[in-house]
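Novice: Build me a model:
(one chain, ligands or ions: 1)
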Amino acid sequence: MAPLYVARPLLPSLDELNVLLAEVWATKWVTNEGPLHNRLESALAERLGVPVARLFSSGTAALQCAMLALDLKPGGEVITTPLTFPATAHAITACGLKPVFADIDPDTLTIDPRAVERAITRHTVAVIGVHVYGTICDDPGLQALCSAHGLWLLYDAAHAFAAEKAGISSAAMGDLSVFSMHATKLYNTIEGGLITTRDPAMSERLQLARNFGIASEEEVKSVGINGKMSELHAAVGLLNLKTFEQERDTRRRLRGQYDAIISQFPGLIKQAHQRDVLQSEQYYMLRVEPDTFGASRDDIYARLKERNIFSRRYFWPICTDYDSYRGAPVASLQAEPVVERIKTTLLCLPFHSGVEPKHVQIFGEVLEEMAAACLATV
Ligand code: T4K
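Specialist: Down below sits the predicted model:
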């Protein structure tokens, strides 16, 4: 069997892409906020229901530009979750700020506002919540806390494209929402990032941050980087905008199939189902309680790999396991942070339209074999 990966890029038809690329070739306007780029910004703002949508070269560049646009003073502390992709913490560091880690909620695995409260000091300037695996953060809780302490609230919404909670778009939460549109994302521009906000005043600042702070030929207004998206990436984005909902529907059905299988095994736990949430369907995350299931997350990972199924242990190691942040405390309500207990139990299964019934069947067989082997040894 051909290898089955955790993610596969949604790609437009080459014929349709060539039509758009012909436009680009004709004008030779290939980057620096070209026509396709601007069309995509308008289309995304409309689709996500926000007045401002700014494109970037990657989710990481967008995270950096978000902090530059807010003019967060170097040395300030930014509180975030240790259960995330390295980009979240590294973007904070790259902006000359200090990442400070706060524990996660045991059910949603998103940052716990009560733990955030414990991490606030007089140096705190912002909080970055991560809608990890598409699970939406406690936005009212974080918003209330940030308002009370005069902190910016940002979201790393890399996993939450076109998600909603109680009818509120993930793009409209906090002061700024930052999306990744990497090839592995439900909606992708191959490489790309996006920042959305309800605040029209942020629009120009975000634009400056991604273009070296250049306001005109005569004026460089603020600190900025090269965080611009090219016309080629925007072309892919325009086309994928027409098809990503179909991909999401397919994944929704796949989620149901995986859920049905794992609910048969004690010790395997589905991702928290959040009421009132329209899930992005970015990842299918499974939690393994080894004492109950009889085998560990790593055992399942290895057994699937033997069958050419490549799941991923996102996000292990967690940020405080990296050399860059090792030993950094995790503010928590518990003596042992929840994230420490949970980090070795999480497994992301292949989750995309390339997953076929035969793959789901193999997954079920592997679990049955493992469960039977455990029973035999009791
Ligand atoms: N914040 C969060 C919470 C994030 O998860 C991410 C990115 C970011 C911020 C930063 O956004 P970006 O700057 O990346 O836009 C992948 C992605 O590269 C990364 O974007 C993503 N999160 C992360 C969760 O996954 P890796 O290191 O796991 O990628 P890789 O190369 O191992 O790819 C995963 C699987 O995808 C492969 O096994 C096969 C498949 N794949 C991958 C690529 C690149 C393909 O089928 N085709 C491809 O072209 O990070």
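Novice: give me every residue that touches residue 234.
Specialist: Residue 234 makes contact with 34, 36-37, 39-40, 55, 189 under the criterion Cβ atoms under 8 Å, 6 or more residues apart in numbering. Every residue, glycine included, has its C-beta placed from N, CA and C.
Novice: go with 10 Å
Specialist: 20, 24, 31, 33-41, 43, 55, 189, 192 (Cβ atoms under 10 Å, 6 or more residues apart in numbering).
Novice: among these, who's most crowded?
Specialist: When neighbours are counted by other Cβ atoms under 10 Å, residue 189 leads these with 30 neighbours.
Novice: Retrieve the pLDDT associated with it.
Specialist: The model reports residue 189 with a pLDDT of 98.
Novice: got any ranges where the stretch 251-378 of the chain has weak pLDDT?
Specialist: For the stretch 251-378 of the chain, the stretches flagged by pLDDT under 70 are 378.
Novice: show me where it has strands.
Specialist: 268-270, 277-278, 284-288, 330-331, 346-349 (DSSP state E, counting those that start in this stretch).
Novice: would you list these in TSV and tack on mean neighbour count and distance to residue 128?
Specialist: Output for these, formatted as TSV (neighbours: other Cβ atoms under 10 Å; distance: least, Cβ to Cβ, whole Å):
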stretch	mean neighbour count	distance to residue 128
strand 268-270	18	26
strand 277-278	18	20
strand 284-288	22	20
strand 330-331	21	14
strand 346-349	23	20
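Novice: got those as a markdown table, with distance to residue 200 columns?
Specialist: Converted to a markdown table, the strands of the stretch 251-378 of the chain look like this (distance: least, Cβ to Cβ, whole Å):
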| stretch | distance to residue 200 |
| --- | --- |
| strand 268-270 | 40 |
| strand 277-278 | 25 |
| strand 284-288 | 36 |
| strand 330-331 | 34 |
| strand 346-349 | 37 |
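Novice: Ok, which of the ones you listed comes nearest the ligand?
Specialist: The closest of the strands of the stretch 251-378 of the chain to the ligand is strand 346-349. By Cβ to the nearest ligand atom, the value is 8.4 Å.
Novice: The residue of the chain at minimum distance from the ligand: what's it in contact with?
Specialist: In the chain, the residue that lies nearest the ligand is residue 59 (2.6 Å; Cβ to the nearest ligand atom). For residue 59, the contact set (Cβ under 10 Å, 6+ apart) comprises 85, 87-88, 91, 156-158, 178-182, 185, 191-195.
Novice: 8 Å instead, please
Specialist: 87, 156, 158, 178-182, 192-193.
Novice: near the ligand, which residues of the stretch 101-250 of the chain?
Specialist: Residues of the stretch 101-250 of the chain lying near the ligand by Cβ under 6 Å from any ligand atom: 130, 156, 158-159, 180, 182-184, 193.
Novice: and these, which two are the farthest apart?
Specialist: 130 and 183 (19.7 Å; Cβ to Cβ).
Novice: who's more crowded, the two?
Specialist: Relative neighbour count places residue 130 above the other of residue 130 and residue 183, with 28 against 16, counting by other Cβ under 10 Å.
Novice: hey, where'd the strands end up in the stretch 51-200 of the chain?
Specialist: Ranges of strands in the stretch 51-200 of the chain, per DSSP E, counting those that start in this stretch, are 52-56, 77-80, 98-102, 124-130, 152-156, 164-165, 168-169, 176-180, 193-197.
Novice: mind checking how far the closest residue to residue 271 other than its chain neighbours is from residue 268?
Specialist: Once flanking residues are discounted, residue 271 sits nearest to residue 285: 4.8 Å by Cβ to Cβ, 6 or more residues apart in numbering. Note on residue 285: its distance to residue 268, by Cβ to Cβ, to the nearest Å, is 11 Å.
Novice: Mutual contacts of the two, please.
Specialist: Common neighbours of residue 285 and residue 268 (Cβ under 8 Å, 6+ apart) do not exist.
Novice: Residue numbers of the stretch 251-378 of the chain in contact with the ligand?
Specialist: Contact residues (Cβ under 6 Å from any ligand atom) of the stretch 251-378 of the chain with the ligand: 310, 314.
Novice: deepest of the strands of the stretch 51-200 of the chain, which one?
Specialist: When you average the neighbours per residue for each of the strands of the stretch 51-200 of the chain (mean count of other Cβ atoms under 10 Å), strand 176-180 leads with a mean of 30.
Novice: For burial, what's the neighbour tally of residue 376?
Specialist: For residue 376, the neighbour count with other Cβ under 10 Å is 8.
Novice: scratch that, residue 110
Specialist: 24.
Novice: burial of the closest residue in space to it that isn't next to it in sequence, as a residue count?
Specialist: Closest residue to residue 110 apart from its sequence neighbours, by Cβ to Cβ, 6+ apart: residue 137 at 4.3 Å. The number of residues packed near residue 137 is 31, by other Cβ under 10 Å.
Novice: Thank you, goodbye.
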